[in-house]
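Peer 1: give me a model of this one.
(one chain, ligands or ions: 1)
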Amino acid sequence: MRNTVDILGVPVDKLNMRQSVNTVTAFLSQNKLHAVYTPNAEIMMEAHRNPYLKDILCQADLLVADGAGVVLASKILGLGLPERVAGFDLIKNLFAEAENIKMRFFLFGGKPGIAEEAEKYLLANYKNIEVVGVRSGYFSSSEEKEIIDQINSSKADILLVALGAPKQEIWIHEHKRLLNAKVCIGVGGSLDILSGNVKRAPEFFQKYGLEWFYRLCKEPWRYKRMMDLPRFIMKVLQVRLSSKKSKTV
Ligand code: UDP
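Peer 2: Below is the predicted model of the structure:
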């Protein structure tokens with residue numbers, strides 16, 4: 001039974017990093033595909049506008065709070081998520097677990113060559129890690145069947161889908177019935193970071209919930225999308241105030 005907190009109608013799991021890693025490894029012993037998404041404020045706001053995306057998030061098997069904004073929202077609502085569980089850190093912990101628990105990874109996404117470079121990095125840095133397939137994330141709909149066949153014939157247990165949000169969540173949702181993997185995780189730009197082509201924010205920014213600010217400085221063209229962070233917090237504050245009002249009436 002999941003222990004979740006309701007943030008704008010989306011049930012986010014009340015788990016810390018260790019518990020999230022354990023949940024994913026437990027999925028590996030179950031004979032069905034589990035969809036794992038890592039929403040940040042931008043995705044939560046997009047889901048608030050787009051009922052299809054919201055429904056996809058609601059049907060996930062695990063939803064962890066990738067962004068400091070989602071953790072802040074839980075505090076405003078008095079629901080208190082224990083900590084931020086960034087998607088990139090979640091998969092890094094899984095790579096480390098692969099030393100002792102057998103899990104075969106498939107890396108799907110990024111520009112041509114990125115998944116291959118990420119694979120090289122993983123093989124050089126994690127003991128016993130098994131990467132059973134890679135595939136770039138730029139494809140036409142006529143290639144979908146071949147992609148599914150490639151993933152299934154690789155016998156991957158964990159499929160990392162790095163198509164950016166919300167494309168990856170929609171892709172996982174619409175193909176999960178066809179996939180044999182045990183776990184599918186939407187991982188955004190994680191393969192770019194593993195490949196060494198994109199730098200993650202320094203620890204200081206991560207620690208103080210300012211990763212979004214670092215990203216804004218590095219990728220200023222994202223500012224329109226990032227305006228969803230204050231919009232999301234405003235929405236959550238509205239919900240908080242209206243629930244206070246209805247309690248006092
Ligand atoms: N991407 C992809 N196929 C697409 C669109 C994007 O593989 O059709 C990749 C892109 O190359 C990048 C990642 O998806 O590696 C998106 O990274 P971003 O950091 O923008 O992720 P987000 O913040 O959207 O989760």
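Peer 1: measure stretch 38-57 end to end?
Peer 2: 9 Å (CA to CA, to the nearest Å).
Peer 1: pLDDT on it, on average?
Peer 2: Mean per-residue pLDDT for stretch 38-57: 97.
Peer 1: wasn't Val12 part of a strand?
Peer 2: Yes - under DSSP: H, G, I helix; E, B strand; the rest coil, Val12 falls within a strand.
Peer 1: partners of it in the sheet?
Peer 2: Val5 (DSSP bridges).
Peer 1: so who does it touch?
Peer 2: When contacts are counted by CB atoms under 8 Å, 6 or more residues apart in numbering, Val12 touches 4-5, 39, 63-65, 70, 74, 81. Just so you know, the C-beta spots here come from the backbone N, C-alpha and C atoms, and that holds for glycine as well.
Peer 1: separation between it and Ile170?
Peer 2: According to CB to CB, to the nearest Å, Val12 stands 19 Å off from Ile170.
Peer 1: what do you get for Leu28?
Peer 2: Taking CB to CB, one finds Leu28 at 24 Å from Ile170.
Peer 1: Asp192 too?
Peer 2: On the measure of CB to CB, Asp192 and Ile170 end up 20 Å apart.
Peer 1: and the residue minimising distance to the centre of the chain, what is it in contact with?
Peer 2: For the chain, Thr38 is the residue whose C-alpha lies nearest the centre (CA atoms, centre = their mean; 2.9 Å). Counting by CB under 8 Å, 6+ apart, Thr38 touches 63-66, 85-87, 90, 185-188.
Peer 1: tell me which parts of this structure are close to the ligand?
Peer 2: 109-111, 137-138, 162-165, 167, 188-189, 191-192 (CB under 6 Å from any ligand atom).
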